[in-house]
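Asks: Give the three-dimensional model of this entry:
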Amino acid sequence: MTKSAFKKLRTAITDAARTTFTKLLSDHPEEEFYAFTLATNNDTTLITASANTEEGLIRRAKAYEKDKKKGLQRRADSLRWNPADWAYVCAGDDAFEEAQKMLDVLPDFHDLDEDDAEKEFESRISLFIESLKALDEEGFFGRGAKRQKITLLVTMGDQETGLLLRCAQELNPAKVYKEFAKAFPTETAGKFKGIGSRKAYEAQAVVLSRAGQLLACLISSSSGNPYVFGFQLPGFKEVLNFPIRDQVSLNSLAVSPDAKSIYAGWIDLGDDEKSGIRCWDVSTKKLKWDVKANQTSSLDASPDGSVIASKDVNGNTFVWDVQQGKQIWKFPGTKGDYLTCIRFSPTGTMLASCGKKGIQFWDYKSGKKTGSLDEPGRSIAFSPDGKLLAIATPEEHTRRDVSIWDVSSRKLLKRLDVVKGSRFRVSVGPDDHEDVRPDVVAFSPDGQWLVVLRSWPGSAVLWDWKKSQELIWMNPNYECLDGAVFLPDGKTVAIAGRPMDGPPLLLWDISDAAKA
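Replies: Down below sits the predicted model:
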């Protein structure tokens, strides 16, 4: 953005914000305004303003309490800094028409490379901050004690906490910011570090080749383009970092056992009826094949590397030849079920799929069904020897546990209460832990430990599952955690999630678990 364009747009936004807040004060003289925000979307391509009052906050809290009684003040506290629930959402739409027209002619993020897109994004955030600052410096929001009563913000639909706090700190007196920041604790637990050269909006999957030499993940970046990342072990050298240029989203990932091929499920952003699976050569980064398939949100590669399996939105499981992507088998799902995860057993020819109606077992060589479990699942994991299966309950279920089953006998060995019974708890607002659920499970290389990822917000707990004992936990202040895999050393877990402005992967050091 040029300096001239920046100045003109800043003036337009400042004038629109002044008009909006002046009208709000005139229309509601009996109410006490405590917050005013310039509101945008995740791409910073829209601009408007929202505001809230103490009276409006209570009105909205009462409306929610009619459906679910959790205490009026408790409910109000949870809504106080959620602009989508404010009394005066998008109050400035009309006033911002001129500013919006000027914003519309700025560069499209999809036409920029990753670095330029990040610079453009930061430029727009600075623009919004400077626009409000100009008003504040005039004394428009009051001075002294009066100014202390209102918090100025720049907000977007799905905002990273660090960015929200940064904007608030730049816009408000120290005392006002300190009080606001209390609602967004940034305390973390556990020893972890990020890896990867790109900032990620969300890392949606992480997988490890069976020989343990390649760690791969797929991410959606702040500019919207998906990337495929790969790290060579044991040194974590970044050997893959390539964007997907056409307008698709990637939602599932698998790596061949020899680490020579990567597979990903994709959906066309312009037409969600178009979807499929792609295969790339890791060494050349060239596309080997691309086949049409129903929307795929789970992939896995067989232990011998001969096939991959996928599940679709209709509950069906497919087996594909890895040489040309030809379909070999289609295993029909249960009517009305929605499969969420498929996994090959590390030994033998077993393929397991899970959904809200239970677990299905197949022999992927013969195409025959070999059994089932009447246990709903959101995600599953085989132990390294293939003898055990861990199942995380889906969100539709009343339980929030992880169960451990003997695969051959189909007997339940253990249930772990991973939410309400956990000693590692994260406050998530007025509903406490009602929305927290086990999302992902993964066994350690020796089968002794089990990692359970929980959302929302994202946290990870390491269990000694035989003793039903929680050992250590990790709380990285991510909105959610989407994938986990133990690395060969047994002392590190690679975790994917939604930092919204951080590295693609987290490496969680669990070496202290033995001391717990």
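
Asks: And the next helix or strand past the helix or strand of the chain with the lowest mean pLDDT?
Replies: Least confident helix or strand, the chain: helix 72-79 with a mean of 81, by mean pLDDT, DSSP states H and E. Downstream of helix 72-79, the first helix or strand assigned by DSSP states H and E is helix 97-104.

Asks: That following helix: how far from the chain's middle?
Replies: Offset of helix 97-104 from its chain centre (Cα atoms, centre = their mean, to the nearest Å): 31 Å.

Asks: Packing partners of it?
Replies: Applying 3 or more Cβ pairs under 8 Å, 6 or more residues apart in numbering; DSSP states H and E, one finds that helix 97-104 contacts helix 3-27. Quick note: C-beta positions are derived from backbone N, CA and C, even for glycine.

Asks: Name the next helix or strand following the helix it packs on along the chain.
Replies: As assigned by DSSP H and E, the chain's next helix or strand after helix 3-27 is strand 33-40.

Asks: and that following strand, what's its mean pLDDT?
Replies: Regarding strand 33-40, the rounded mean pLDDT is 96.

Asks: what's the distance between Gly348 and Ser366?
Replies: 12 Å (Cβ to Cβ, to the nearest Å).

Asks: More neighbours: which of these two?
Replies: Gly348 (13 against 10; other Cβ atoms under 10 Å).

Asks: Isn't the more buried one up against Asp385?
Replies: No: counting by Cβ atoms under 8 Å, Gly348 does not reach Asp385; the two are 10.7 Å apart.

Asks: what's the span of stretch 302-316 from first residue to last?
Replies: Taking Cα to Cα, to the nearest Å as the measure, stretch 302-316 stretches 18 Å from start to finish.

Asks: okay but Ser261 is in contact with Lys288, surely?
Replies: Yes: contact status for Ser261 versus Lys288: in contact at 6.8 Å, counting by Cβ under 8 Å.

Asks: Between these two, point out the one with more neighbours.
Replies: Regarding Ser261 and Lys288, a neighbour count based on other Cβ under 10 Å identifies Ser261 as having more, with 22 against 17.

Asks: What's the separation between the more buried one and Gln448?
Replies: As for Ser261, its distance to Gln448 is 31 Å (criterion: Cβ to Cβ).

Asks: Over to Gly497?
Replies: Gly497 sits 24 Å away from Gln448, going by Cβ to Cβ.

Asks: can you list contacts of stretch 318-337?
Replies: Stretch 318-337 is touched from outside by 256, 261, 263, 277, 279, 289-291, 293, 301, 305-312, 314-317, 339, 351, 353, 355-358, 360, 362, 364, 367, 369, with contacts defined as Cβ atoms under 8 Å, 6 or more residues apart in numbering.

Asks: do that again at 7 Å, thanks
Replies: Under the contact criterion Cβ atoms under 7 Å, 6 or more residues apart in numbering, stretch 318-337 has outside partners 256, 261, 277, 279, 289, 291, 293, 305-310, 314-317, 339, 355-357, 362, 364, 367.

Asks: What residues sit buried inside that stretch?
Replies: 318-320, 322, 325, 329, 331, 333, 337 (16 or more other Cβ atoms under 10 Å).

Asks: Same check on stretch 90-104?
Replies: 90-92, 95-96, 99-100, 102-103.

Asks: and if you look at stretch 16-34?
Replies: Counting neighbours by 16+ other Cβ under 10 Å, one finds that the buried residues in stretch 16-34 are 16-18, 20-21, 24, 28, 31, 33.

Asks: Likewise for stretch 126-138?
Replies: Within stretch 126-138, the residues that count as buried by 16+ other Cβ under 10 Å are 126-132, 134-136.

Asks: I'd assumed Asp271 was in contact with Gln295.
Replies: No: Gln295 is beyond contact range of Asp271, at 11.6 Å (criterion: Cβ atoms under 7 Å).

Asks: that older thread, out of the buried residues of stretch 318-337, which sit inside strands?
Replies: 318-320, 329, 331 (DSSP state E).

Asks: which two from the residues you listed end up farthest apart in space?
Replies: Trp320 and Phe331 (12.2 Å; Cβ to Cβ).

Asks: higher neighbour count, Gly497 and Gln448?
Replies: More crowded of Gly497 and Gln448, by other Cβ under 10 Å: Gly497, with 30 against 15.

Asks: quick one, what contacts that one?
Replies: 203, 458, 478, 480-482.

Asks: Mind putting those into CSV with distance to Gly377 and secondary structure?
Replies: CSV is the format used below for the contacts of Gly497 (distance: Cβ to Cβ, whole Å; DSSP: H, G, I helix; E, B strand; the rest coil):
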residue, distance to Gly377, secondary structure
Ala203, 22, strand
Gly458, 20, strand
Tyr478, 23, strand
Cys480, 18, coil
Leu481, 18, strand
Asp482, 16, strand
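
Asks: between those, which is nearest Gln148?
Replies: The closest of these, once distances to Gln148 are taken by Cβ to Cβ, is Tyr478, at 32.5 Å.

Asks: Burial check on that closest one, number of neighbours?
Replies: Tyr478: 28 neighbours (other Cβ under 10 Å).

Asks: Next: Gly71.
Replies: That count, for Gly71 with other Cβ under 10 Å as the rule, works out to 11.

Asks: ok, now how distant is it from Arg60?
Replies: In terms of Cβ to Cβ, Gly71 sits 15 Å off from Arg60.

Asks: can you check Val440 too?
Replies: In terms of Cβ to Cβ, Val440 sits 34 Å off from Arg60.

Asks: quick one: which of the two has more around it?
Replies: Neighbour comparison, Val440 and Arg60: the larger count goes to Val440, with 26 against 18 (by other Cβ under 10 Å).

Asks: quick one, what contacts the more buried one?
Replies: Val440 touches 379, 392, 453, 481, 483-484, counting by Cβ under 7 Å, 6+ apart.

Asks: Any chance of a markdown table for the residues you listed, columns distance to Glu238?
Replies: Listed next are the contacts of Val440 as a markdown table, based on distance: Cβ to Cβ, whole Å:
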| residue | distance to Glu238 |
| --- | --- |
| Ser379 | 27 |
| Ala392 | 30 |
| Leu453 | 24 |
| Leu481 | 21 |
| Gly483 | 18 |
| Ala484 | 20 |
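
Asks: now these: which count as buried?
Replies: Among the contacts of Val440, those that count as buried by neighbour count (16+ other Cβ under 10 Å) are 379, 392, 453, 481, 483-484.
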